[in-house]
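>>> Generate coordinates for the sequence data below:
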Amino acid sequence: MRMTLTSAETAEVTLLELRGARLIESATTDRELAAAQALVDEETILSHSSVYGALGLLYLPSESTVRWEGLMGRVYTLGLDHEERVFLGLTLSMLGIGNTPLSSVSDLGERRLAIILRAITRLAGNETIAVGRRI
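Model (predicted):
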């Protein structure tokens with residue numbers, strides 16, 4: 001069976017890719033880069049309009065100043081489920097924002113756990129940055 005995307009779905013995928021690219025491009029520290037890449041890899045959290053709006057990625061200017069702090073105060077009002085909130089909290093903790101204990105990884109599914117583990121490895125300096133700043 002072959003699945004095709006509608007033009008609206010294709011546009012949404014393109015916007016998600018653009019937002020992800022802007023998020024990664026805006027990173028000014030290794031911590032921001034690891035957190036940005038984790039959100040891009042996870043995909044579903046960044047696709048919430050409340051999340052990309054809070055980050056300052058709503059209108060996709062040519063250069064974005066990402067407001068990570070805008071997420072922490074709103075984490076319970078972003079419309080995320082429990083596992084998404086835990087993932088976002090752990091991601092923000094990499095930036096020194098918020099206070100999500102590492103033990104909360106037990107609330108993550110296998111896919112999200114793997115993404116967090118890769119991000120922690122990046123923070124430890126054990127992965128190199130590939131072409132396009134994607135790590």
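>>> quick one: low-confidence ranges for this protein?
Along the chain, the parts satisfying pLDDT under 70 run over 1-9, 11-13, 60-64, 127-135.
>>> what residues are up against L78?
H48, S50, V51, A54, L71, R85, L88 (Cβ atoms under 8 Å, 6 or more residues apart in numbering). All C-beta atoms are positioned from the backbone trio N, CA, C, and that covers glycine.
>>> hang on, isn't the first one packed against T77?
No - the pair H48 and T77 fails to qualify as a contact (Cβ atoms under 8 Å) at a distance of 11.2 Å.
>>> Those two: which has the busier surroundings?
Per other Cβ atoms under 10 Å, whichever of H48 and T77 has more neighbours is H48, with 15 against 9.
>>> measure that one to S26 for me?
18 Å (Cβ to Cβ, to the nearest Å).
>>> Contact partners for the residue nearest to G125 when sequence neighbours are not counted?
Spatially, and ignoring its direct neighbours in sequence, G125 is nearest to D30 (7.8 Å; Cβ to Cβ, 6 or more residues apart in numbering). By Cβ under 8 Å, 6+ apart, the contact list for D30 reads R122, L123, G125.
>>> again with L123
Taking Cβ under 8 Å, 6+ apart, one finds D30, R31, A34, M94 in contact with L123.
>>> 6 Å instead?
By Cβ atoms under 6 Å, 6 or more residues apart in numbering, L123 lies in contact with A34.
>>> Could you do L16 as well?
Applying Cβ under 6 Å, 6+ apart, the residues contacting L16 are S47.
>>> Kindly recompute the last result at 8 Å.
With Cβ under 8 Å, 6+ apart, L16 has these contacts: E43, L46, S47.
>>> In strands, which of those residues fall?
Judged by DSSP state E, strands contain none of the contacts of L16.
>>> before we move on, the earlier item: just the buried residues of the contacts of L78.
Neighbour-count burial (16 or more other Cβ atoms under 10 Å) is assigned, among these, to V51, A54, L71, R85, L88.
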